[in-house]
Each structure stands twice: as C-alpha cells, then as structure tokens.
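**Q** Predicted model and sequence follow; I will ask about them next.
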Amino acid sequence: MSIAPTISSTSAFVMQSGGSETALTWACSRSCRRACPTHGSEVQSARCPTVRRTDDRTRGTSAMPDASPSFQLADADVEFFNRELASFVPDRVFDSHLHLGRRSDYAPMHQKLVANTPEVADMPTYRAHMEWLAPGRRLVGGLVLPTTLAGERMDEGNARAAEEARRDAGSTSAVIVHPDMTADKLRLDIETHKPAALKPYHLMSARRPTGDSHMNEFLPEHTVAVADEYGLPVVMHMVRARALADPSNQQMIRDYCTKYPKMKMVLAHCARGFNPSHTADGIESLVGLENVYFDNSCNCEAGAHIAILRAFGPDRLMWGSDYPFSNMRGKCVAFNDSFTWFYDCDHDLGPYSIDANQKFTLVGLECLRALKFACMACGLSNSQVEDVFYNNAVRLYGRS
C-alpha cells in the first residue's frame, strides 16, 4: 500500500483507544513476593493482605500505581495528531468499541486506573472527548459497551448502554452476558434492549485467576447458540498468556464459528495482540473462517495489525477507541513473550531517553499511529482505510 502518496489530504486518522486487557494476575508487595505463591490461586485479600489484584494495564509492576493516569488534552497531543495522523484518519468514522456508564461500575481492580475519567460517561461527554483523538472528523456513531464488565449491576449497565445508544442516531449497543445466564434470560435481554452485539468478559469466569480462563468458561456454548439464533456478533476479549497463540483459544474459536455460522466472532484488541507475536503466531489457525472479525481497540503494536491485514485483508478489521482508556496518557509495549502498560502516573522515562522533555501522549493516538504504519506496510488504498474506520463496522453492526 502506498499510503503516504495515496491518502489524500481530506482523509484523517481516527483514534484508537487504550483497550484494557484484564487478564488477572496476582502481584505482591516486595515483603510478600516469595511467600504468596504458596497460597495458590485463591490468595485474595482475605488470605494474604499484601497481595493485590492487578490486570494487564499494570503488567510488569508489583502493584496498582499509587496515582492514576492523567485524563486531559495537552498542546503536544494536538501537535502529535497534526504531525502523525491528520493525513490518515478519514473524514467519517464509526467507533466499534467504546464504554459508557458510571465510573463506579468498573471492577474494583480498575478503580485506580479510571479515577480521573468522568464519573458518568454519557454520549455527549464521549463525543466531546473524541475530539482529542479525531479532531474535525464526523463521528457517525459507535458500539456502546457497558462499564459493568465484572457482572455486578449487569442489568443496570445494559439498560444504561442501550439508553445512551438510543440518544445517538448513529450508535447502537451491546449487552453484557454472564456465563450463568440462561438462554431464556439472554433472549429476554435481547428483546428488551435490541443490542447489536453480545459482550462476555473473563472477570465473570469462575476460574482464578480469571486471566487463565478458557473461552467457554466465560462464553458458554448456549450463549453462542443464542447469538447464532439472532445473528449477533460476540465481542471477545480473549485471555490466557499467549492469547491467539494459545491452542485452546484457537480450537474454541474454530469450533464456535464453524458450528454457529450466523454468529460473528469479533476478536477485540487485534485478538488481544498486545504482544504482536501472539496474534502473528496464531492467526493462520483462523484462516478460512468467514465469521471472524477484529477490532483494534487499545492495541499499540503495528505488528498485530499487519498480521490481521495479511491473513484476512482490510474487510475484517475495524477501528475502535476503547474509550475512556483511549484518552489516558501512556502506551502498551510488547517485550519478550509478554507486554506491559506504561502510564504517565507511574513510569519515568529514565536517564536513557533521548529527549528528557518528551512526555507520553494519549494511548489512543499511539494506537492510531500503529494502525497507520500497518496500513502503509500492507498497501491499503484510501477506500480500504475508510473500510477499516467506517464501512466494516456499520455493515457488521447493522448501521448502514
């Protein structure tokens, strides 16, 4: 793709957001680091008060940071967009992955992370904040996911997301699905809220830590059967250490997609490819499946995008912001066979940084730049970039 010469000045790159991988790990304070593993996977706060639950946003640190990522726009962010992205983000975009609802409804493990985000993130607030990431672009709408990802207050979260989507002509919503939910309860939720997608999440798995969960432990087959019955996509944030490179995940995706062809499986965060090798190593296992899609929310690694584009082409990849995580200041970085999140609140760039005056930009801007490099590497045309930012999502979620 010759993106630099091909993309016109009327295109613009829309912003991808800081999606959150919440594969649970157990992190101890230094005084307990040796002892805690003896307690096994049930060592929650009751058994070891020095152990804290963490997620992949703090991977590589021993505990949640004492401060929270900043949530504000700086002049340097505007300069970054104008320099890196203004000629890439198309004029018209659809956000395939965003969260609206109450900040207090996020899981306890996320509360420090989201502390500086709006207490109530509604559609007008979201649209205002998207100007940080895609200034001057026409944000037609988006897929609204609830904030109740741990399953608590799930009905309230589903209702709130549906109401926010109804307030916005171009938007639609998803409903959270619990693994213990019966097929009849799910049908009732679908008839009540008219969602465009279902959203399982590993925090509702019975396995501890939940980041080790097999897909069917938080997306049971009867849920997939109902999705197939209604022709609904399932937005899947897979877990396990190597994500798509894990044979269990590969087999489960193939089994579900083959048996239930009217269900569409959307593998969020570039198939949770925060380490691009995990997506690159596993992507060939899915080739030939006609009902697999990907959103790139919060993924800052061009390599994961490239693996998807080369295996599936530009018709299966969708831009998503993962708001509000997109508007935090930091970046997810792959290393060895893992990855870690850097935020402005808990990481100093150190004495070996080439420019001590440089600061982190917004996660969403970093993700957009990764997508830009992938599109350039794969030779996407202007119209194919527009598919990634708009057409693919509106076709999948029924907004065309």
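**A** Arrived safely. Numbers count the residues shown, from 1 in each chain.
**Q** residue contacts, the nearest residue to residue 181 once chain neighbours are set aside?
**A** Distances taken as Cβ to Cβ, 6 or more residues apart in numbering place residue 223 nearest to residue 181, at 7.0 Å, with adjacent residues excluded. Every residue, glycine included, has its C-beta placed from N, CA and C. For residue 223, the contact set (Cβ atoms under 8 Å, 6 or more residues apart in numbering) comprises 177, 179, 181, 183, 186, 198, 200, 234.
**Q** Now intersect those with the helices, please.
**A** Mapping the contacts of residue 223 onto helices (DSSP state H) picks out 183, 186.
**Q** Extract the C-alpha set from the helix ranked longest in the chain and format it as CSV.
**A** Using DSSP H, we find that the single longest helix of the chain is helix 363-377. What follows is helix 363-377, C-alpha atoms only, in CSV (Å, rounded to 0.1, in the frame of the first residue of the first chain):
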residue,chain,number,x,y,z
VAL,A,363,-3.0,5.9,24.3
GLY,A,364,-5.5,6.3,21.5
LEU,A,365,-3.0,8.4,19.5
GLU,A,366,-0.3,5.7,19.8
CYS,A,367,-2.9,3.1,18.7
LEU,A,368,-3.8,5.2,15.6
ARG,A,369,-0.1,5.5,14.7
ALA,A,370,0.3,1.8,14.9
LEU,A,371,-2.7,1.3,12.6
LYS,A,372,-1.3,3.8,10.2
PHE,A,373,2.0,2.0,9.9
ALA,A,374,0.2,-1.3,9.4
CYS,A,375,-1.9,0.2,6.6
MET,A,376,1.2,1.6,5.0
ALA,A,377,3.0,-1.8,5.3
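**Q** Which strands or helices does that helix pack on?
**A** helix 3-6, helix 302-312, strand 330-335 (3 or more Cβ pairs under 8 Å, 6 or more residues apart in numbering; DSSP states H and E).
**Q** quick one, what contacts residue 362?
**A** Neighbours of residue 362 in contact, by Cβ under 8 Å, 6+ apart: 15, 18, 73, 77, 132-133, 326-329.
**Q** Please, where are all the helices along this protein?
**A** Remark: helices assigned in the chain by DSSP H are 3-6, 75-80, 123-130, 154-166, 183-193, 221-230, 247-259, 268-272, 276-282, 302-312, 363-377, 382-386, 392-396.
**Q** Tell me the one of the contacts of residue 223 nearest residue 114?
**A** residue 200 (20.6 Å; Cβ to Cβ).
**Q** From residue 250, how far out is the closest one?
**A** 18 Å (Cβ to Cβ, to the nearest Å).
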